[in-house]
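S.K.: just to be clear, the model below is a prediction. Sequence and coordinates:
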Amino acid sequence: MNYKKTIYKFLRVHQLKRWHNAVNIKKVEGAHLSQYPILDYIKEYPGCMQKDISDRFAFSKAAVSKTIKKLIDCDLVKRERNHRDCRQFDLFITEKGRLHIEQMKQAFNCCNVMMFKDFSKEEMEVFNSFLDRILENLETDYSRDKTTCLLNDEIKKLESEEETDEKDS
C-alpha cells in the first residue's frame, strides 16, 4: 500500500491550518501565534512558573522569558512573587489577557469551522475513530507517558546523533 498521498495530505492540512490561523490571528490587535499556548496555559494553571511553560511546550527558557516579558508589558499577564520561595515568581492571567485569549480563540475557530464544514456528526465520529486508531498504532509503551517536550528533546537528540554519525563516516 502506498502511504505517500495520505502522508502528504496530513502534512498539507497541518500547513494550511497554520497558514489560516496566522492570517486570522493578524485580525486580533497585538496577537501573535506563539502567545496563545502560553496565555492559555497560564489561564488554565494560575500560579504556574516559566519553567512549567518551558517544560510543557518544549520552548526554550529564553523564548518563554522573552514572551512572558512582552505579555507583562502588554498587561496580559502579571507576575507575583511566590509565597513559599521568594526567589520564584508565579504567573497569572489578567482580565485583559482573558479577553485577548477569547479573541484569539475566535480567530482560530474560524479555521476549525472551515475545516469541518459540511461534515455530519457521524462523519466526525468516524474521522475521529480513524485518528484514534492512527494514534494508537503510533503510540508505544515508551512514548505513551512522554510529554511533547520530552519527545521533542528525544527527536533532537536522535537527529543530532544522526548528524554526528554522518560526519564520522
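M.R.: Structure received. Everything numeric in this text was worked out from a predicted model, so none of it was measured.

S.K.: which parts of the protein are strands?
M.R.: Using DSSP state E, the strands of the chain run over 77-81, 89-93.

S.K.: quick one, domains of this protein?
M.R.: When the chain is parsed with automatic domain parsing, its domains come out as 9-117, 120-169.

S.K.: residue ranges with poor pLDDT in the chain?
M.R.: Within the chain, the set of residues satisfying pLDDT under 70 comprises 162, 165-166, 169.

S.K.: helices of that one, start to end?
M.R.: Counting by DSSP state H, the chain has helices at residues 4-25, 35-44, 50-57, 61-73, 95-115, 121-138, 141-144, 148-168.

S.K.: would JSON lines of those helices with mean neighbour count and distance to Arg84 be doable?
M.R.: In this view, the C-beta of every residue, glycine as well, is placed from N, C-alpha and C. Converted to JSON lines, the helices of the chain look like this (neighbours: other CB atoms under 10 Å; distance: least, CB to CB, whole Å):
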{"stretch": "helix 4-25", "mean neighbour count": "12", "distance to Arg84": "36"}
{"stretch": "helix 35-44", "mean neighbour count": "18", "distance to Arg84": "19"}
{"stretch": "helix 50-57", "mean neighbour count": "17", "distance to Arg84": "15"}
{"stretch": "helix 61-73", "mean neighbour count": "15", "distance to Arg84": "20"}
{"stretch": "helix 95-115", "mean neighbour count": "15", "distance to Arg84": "24"}
{"stretch": "helix 121-138", "mean neighbour count": "10", "distance to Arg84": "38"}
{"stretch": "helix 141-144", "mean neighbour count": "8", "distance to Arg84": "33"}
{"stretch": "helix 148-168", "mean neighbour count": "10", "distance to Arg84": "24"}
